[in-house]
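Chemist: compute the structure for the input listed below.
(chains A and B)
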Amino acid sequence: MPNGEKILVIDDEQVILTAVSRIASSEGFNVDSDNDATSALKKLSYKEYSLIFCDIMMPQMDGFTFIEELQKRKIATPVIMITGYSTVENAVKSLYKGAIDFVPKPFTFEELQSSIARGLEYGKLQQRIEEAKLKKNGGIITYIPCPPKYFRLGFISWLKLESEGVVIIGASDLFLEILKEIVKIELMNVDEMLVQGDSIGSFYTEDDLVHQLLSPVSGRIIERNERLLDDTRLLEKDPYFDGWIYKVIPANIEYDMKYLISCATDRI
Amino acid sequence: MKIKQTITKISLRLILTVGAVTIAIISVYSYINLKAQSKDLLTQAELAANKLSETLKNSMHFSMLLNQPEQTHAIINSSADEPCILEIRVFNKDGMIMYSSQENAIGTMVDKNAEACYVCHTANEPIEKLSIDQRIRKYKIHPDSSHILGIINPIYNEPSCWQADCHAHPESQTVLGVLDVKVCLKDVDSQIKQSENRSFIFAVGAILLLSLIIAFIVRKWIEKPITELVTATEQVGTGNLNYIIKDLGSDELGLLAKSFNNMTQKLADARLQLFQSDKMASMGRLAAGVAHEINNPLTAVLTYSSFLLKRVNDPEIQEDLKVIVRETKRSREIVKSLLDFARQSVPKKSNANINEIINNAIGVIDNQLSMKHIKLEKNLEENIPLFKIDSNQMQQVFINLLVNASDAVMEREGRISVSSKIASLSPYGTLQIKTAVCSKRHSLMDEEIKVDGKPSVKLKIVSNGKEGFVNLDPIYGKNRDKYNLEIKSPEQIQISCPKCNISVIEKDASCPKCKSAVYTFEVPPQGMFQGCINPKCDWQRWASVDEAGIRDYIEIKISDNGSGIAKEDLARIFEPFYSTKGQKGTGLGLAVIWGIVDNHDGTISVESEVGKGTTFMILLPLNHHSN
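Modeler: All right, here's what the predicted structure looks like:
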């Protein structure tokens, strides 16, 4: 049971605030809620949180502005966006802006639970990385950055352009790093269609959570890495090469690339 | 009213113009004719007068020789008694009137400068020989009276005259005197007058007749077509683009009507497209709005129910909660598919059991059915293999069809039956042409004119010099083709691509059934499709699918004994936004269903009889199922 971890929920819809608060507090978290991003920022000036849930579409200040404000104020608290299905594109955009994840409405208890778990783990991981940087030589960088020619959707998944209009996609190491031991993965079948920002596979972990990997691209699956189903550890061992998940013919790669981050620009 | 006035104006103007031209023509003709006629009549009158004058002269000759003036007088007087002989007089060389039918004139002198004398006496020296024209004069006493013809007849000296006993005239005298006869030209004048009247009556008659004919022609050939055209324009103006002008023949107005019909047809098509895309756009916005709004309450339901499911230990409550969670998850898929529909996305197929999907759908509306006491018969074939299908979309299809059926049936008496089975069907009569191209790779598919709700194959036909189109039934072997022109002699028709006009008639091939020519086009990627051009012959061949042979389908039938669908509605029920439910429906249901089934490479068809019930049949191909 996590103790004293503080979570802030921002949504203009009271029922969401109540639902998230109810679930999170039942899990032993300390939950604050706010129906307005401006007053939430005020709260953040004197209070520290481990994780923030924030709606994208809000009347006064929207989710994007909220993230920018946080970056201006150098508040490193991880932000998870809450979105409707109608705003998947916005959700992907929010990952580009700096949110670490999003939960599409309506979500189940389990979906929220796993999202909280990932968010908190991400925060901790970031802290470790920061500490390692400060210690310079003494610290150990605990994750593998994505190779320069790759593109990533937030920190979640990656895409590599192959020749002849085919792309390879997979899970990024940071995403795998924050999960507990993976016990099972469920993948989609060849010929099925992917939509950017939609789930492309379920990762079952030892803590009984199910994590959805979000697709960096829309298109049709032409091949999947069958080896992963037998040996899930391959994912963590070599997430960017042998641990690839699907080969995909993208539907509209130019459009999808708009909110992907080039790994070449990452500076560690 | 306005139209009538305009028409009247056109015909009036036409009548006036033609009338004026007629008047001019008849006037000129009558003038020339009358001139010739009066000249003839005058000549005749002159000849008659001349004859009379000669006769008189000869009659008087003898009495003059005998020097019997009484006798001469008697002859003159009796002759002058004849009607229309106005005056007969004889005067001597000096101009003294010797004899006259008017006795008081006897002995008076004639003014040599006037009247009859003038012709001879102009040059002071009398002319002794005169032609007949010179001897005649025509004049009027009053402007109102009829013309008078005067003729002078010189009495020449003859041997008998100077040898006569009286010796009144010496031999040297050439002209002894002049006989002057005046006759009236009343007859001639009245004949000319009559001719004039006849001409006038003829002209008036001709103008009246012409006007009538013009009015008739204008009415028949111009007014009626124009009224029809104006009505059509007004109809189109008020938005009725389905108004079609009846055949107005092949003259210019007929052609105008045809191109008008063509225009409204195109307009209607364009409007429909515009309307649909507009509706689609607003549907999309609506869906997005609804999705956003409905997601919040759904979130509450889903989080709380899934949360409770974790915390509750009572297995019974757990089962109930599972239903809530499952159905709420389905709701979110519906919301999502609503958005997907707005974005026209592809289905998410995975291996699924069709009977399970049908049962889930029945479970959703079970309550509704039992409340209305509707009997549901299930006849699902077991052992249907799993196959690739979007469960949520397909469940939506069944729920929609079941809800439609339960709306159509009566309470308590209603019966709905659902069946599923594997059907092995020959492609003949079931397989649908979804793409078709001419030899220049133009698509022949027509999305607008549908046959049984499916896009048809459009070909251009030329028959008996007339152009038209045929929309072929896309189902192989069904032949419910739509022709928009009559084909009288199938031997002479030409069939071509509507875009590039390239002929689709196969050379050196003939229908094995009726020996007519054969059309052919490619159905990528399923090879060539052939058919008989004779509308009465049903021969078709699709070689590559025939070779592939019988295919397995899953056939799902949902029937009811409800009110049925009218024939005129039946053809359109799969069109988006077509609803017979009035305010109750959006008209999107069957269009969505059609789209979903189509995305699964399946077909949906409907049979219905008003008052008896409706059956929807869905065929989903099994061959494509994955391992």
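Chemist: contacts and neighbour counts: CA atoms only from here.
Modeler: Will do.
Chemist: residue of the stretch 201-350 of chain B nearest chain A, please.
Modeler: When distances are taken as C-alpha to the nearest C-alpha, the stretch 201-350 of chain B reaches nearest to chain A at B:T299, 3.9 Å away.
Chemist: tell me how many other residues crowd that residue.
Modeler: Around B:T299 sit 25 other residues, with neighbours defined as other C-alpha atoms under 10 Å in any protein chain shown.
Chemist: surely it touches A:F109?
Modeler: No. Under the criterion of C-alpha atoms under 8 Å, B:T299 is not in contact with A:F109, lying 9.5 Å apart.
Chemist: mutual contacts of the two, please.
Modeler: Here B:T299 and A:F109 have no joint contacts, going by C-alpha atoms under 8 Å, 6 or more residues apart in numbering or on different chains.
Chemist: can you pull out the low-pLDDT segments for chain B?
Modeler: Judged against pLDDT under 70, the low-scoring parts of chain B cover residues B:1-8, B:111-129, B:167-168, B:272-285, B:287-288, B:292, B:337-348, B:571, B:575-589, B:623-627.
Chemist: centroid residue for it?
Modeler: Chain B has B:L248 as the residue nearest its centroid, 2.9 Å off, counting by C-alpha atoms, centre = their mean.
Chemist: tell me which element the residue of the stretch 201-350 of chain B closest to chain A falls in.
Modeler: Assigning secondary structure by DSSP states H and E places B:T299 in helix B:252-311.
Chemist: what helices and strands are in contact with that helix?
Modeler: Judged by 3 or more C-alpha pairs under 8 Å, 6 or more residues apart in numbering or on different chains; DSSP states H and E, the packing partners of helix B:252-311 are helix A:14-26, helix A:109-134, helix B:224-237, helix B:315-343.
Chemist: what's the closest of those helices to B:Q134?
Modeler: Across the helices and strands packed on helix B:252-311, the minimum distance to B:Q134, taken as C-alpha to C-alpha, is reached by helix B:224-237, at 66.1 Å.
Chemist: so how far is that closest one off the chain centroid?
Modeler: Centre-to-centre, helix B:224-237 and its host chain are 10 Å apart (C-alpha atoms, centre = their mean, to the nearest Å).
Chemist: which of the residues in that helix are buried?
Modeler: Neighbour-count burial for helix B:224-237 flags B:225-226, B:228-229, B:232-233, B:236 (criterion: 16 or more other C-alpha atoms under 10 Å in any protein chain shown).
Chemist: can you check what angle separates that helix from helix B:252-311?
Modeler: Between the axis of helix B:224-237 and that of helix B:252-311 there is an angle of 20 degrees, by axes from the mean of the first three to the mean of the last three C-alpha atoms, to 10 degrees.
Chemist: number of nearby residues for B:N379?
Modeler: By other C-alpha under 10 Å, the burial measure for B:N379, its neighbour count, is 14.
Chemist: measure it to chain A for me?
Modeler: Distance of B:N379 to chain A, computed by C-alpha to the nearest C-alpha, to the nearest Å: 31 Å.
Chemist: where does pLDDT dip in the stretch 101-250 of chain A?
Modeler: Low-confidence regions of the stretch 101-250 of chain A, defined here as pLDDT under 70, cover residues A:136-142, A:164.
Chemist: how about the residues of it by chain B?
Modeler: Near chain B, the residues belonging to the stretch 101-250 of chain A are A:105-110, A:189, A:192-193 when assessed by C-alpha under 8 Å from any C-alpha of the partner chain.
Chemist: check the offset of the host helix or strand of B:A49 from the chain's centre.
Modeler: B:A49 is located in helix B:2-65, with elements delineated by DSSP H and E. The gap between the average C-alpha position of helix B:2-65 and the chain average comes to 48 Å, counting by C-alpha atoms, centre = their mean.
Chemist: can you list contacts of the next helix or strand along the chain from it?
Modeler: The helix or strand immediately downstream of helix B:2-65 is helix B:69-81, counting by DSSP H and E. Contacting residues not belonging to helix B:69-81 are listed as B:56, B:59-60, B:63-64, B:85-89, B:99-101 [C-alpha under 8 Å, 6+ apart].
Chemist: what's the answer for stretch B:401-413, then?
Modeler: Outside of stretch B:401-413, the residues that reach it under the criterion C-alpha under 8 Å, 6+ apart are B:362, B:365, B:369, B:372-375, B:414-416, B:558-564, B:614, B:616.
Chemist: so which bits of it are buried?
Modeler: Within stretch B:401-413, the residues that qualify as buried are B:401-411, counting by 16+ other C-alpha under 10 Å.
Chemist: do stretch B:154-165 as well
Modeler: For stretch B:154-165, the neighbour count (16+ other C-alpha under 10 Å) marks B:154-155, B:157, B:161-162 as buried.
Chemist: domain parsing for chain A?
Modeler: Following the assignment in automatic domain parsing, chain A carries domains at A:6-134, A:151-265.
Chemist: neighbours around B:S11, how many?
Modeler: Neighbourhood size, B:S11 [other C-alpha under 10 Å]: 21.
Chemist: ok, B:K507 next?
Modeler: Other residues lying near B:K507 total 11 when counted by other C-alpha under 10 Å.
Chemist: now do the SS call for it.
Modeler: Under DSSP: H, G, I helix; E, B strand; the rest coil, B:K507 falls in the strand class.
Chemist: shouldn't B:N464 be in contact with B:E491?
Modeler: No. Judged on C-alpha under 8 Å, B:N464 makes no contact with B:E491 at a distance of 10.3 Å.
Chemist: name the SS class of B:D538, please.
Modeler: Of the three states, B:D538 takes coil under three-state DSSP.
Chemist: so how far is stretch B:251-271 from its chain's centroid?
Modeler: Counting by C-alpha atoms, centre = their mean, stretch B:251-271 is centred 10 Å from the centre of its parent chain.
Chemist: could you do stretch A:77-88 as well?
Modeler: 10 Å.
Chemist: what is the burial count for the nearest residue in space to A:Y150 that is not next to it in sequence?
Modeler: Nearest in space to A:Y150, with sequence neighbours left out and distances taken as C-alpha to C-alpha, 6 or more residues apart in numbering or on different chains, is A:K160 at 5.0 Å. Applying other C-alpha under 10 Å, we find 19 other residues in the vicinity of A:K160.
Chemist: show me what the helix or strand encompassing A:K160 is packed up against.
Modeler: Assigned by DSSP H and E, A:K160 belongs to strand A:157-161. For strand A:157-161, the packing partners by 3+ C-alpha pairs under 8 Å, 6+ apart come out as strand A:151-153, strand A:167-171.
Chemist: so which residues of the stretch 51-200 of chain B form helices?
Modeler: Per DSSP state H, counting those that start in this stretch, the stretch 51-200 of chain B has helices spanning B:69-81, B:118-121, B:132-135, B:159-162, B:186-217. These are given in chain order.
Chemist: the inter-axis angle of the longest one versus helix B:2-65?
Modeler: With the same axes, to 10 degrees as the basis, helix B:186-217 and helix B:2-65 are set at 160 degrees to each other.
Chemist: just to revisit the earlier point, B:I106: which of the helices and strands packed on strand A:157-161 is closest?
Modeler: strand A:167-171 (143.9 Å).
Chemist: put the alpha carbons of the helix or strand following that closest one into CSV.
Modeler: Stepping forward along the backbone from strand A:167-171, the first helix or strand reached (DSSP H and E) is helix A:173-178. Listed next in CSV are the C-alpha coordinates belonging to helix A:173-178 (Å, rounded to 0.1, in the frame of the first residue of the first chain):
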residue,chain,number,x,y,z
ASP,A,173,12.6,1.4,-22.5
LEU,A,174,11.4,4.0,-20.0
PHE,A,175,7.9,2.5,-20.4
LEU,A,176,9.1,-1.0,-19.7
GLU,A,177,11.3,0.2,-16.9
ILE,A,178,8.4,1.5,-14.8
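Chemist: after helix A:173-178, which helix or strand is next?
Modeler: From helix A:173-178, the next helix or strand downstream (DSSP H and E) is strand A:182-187.
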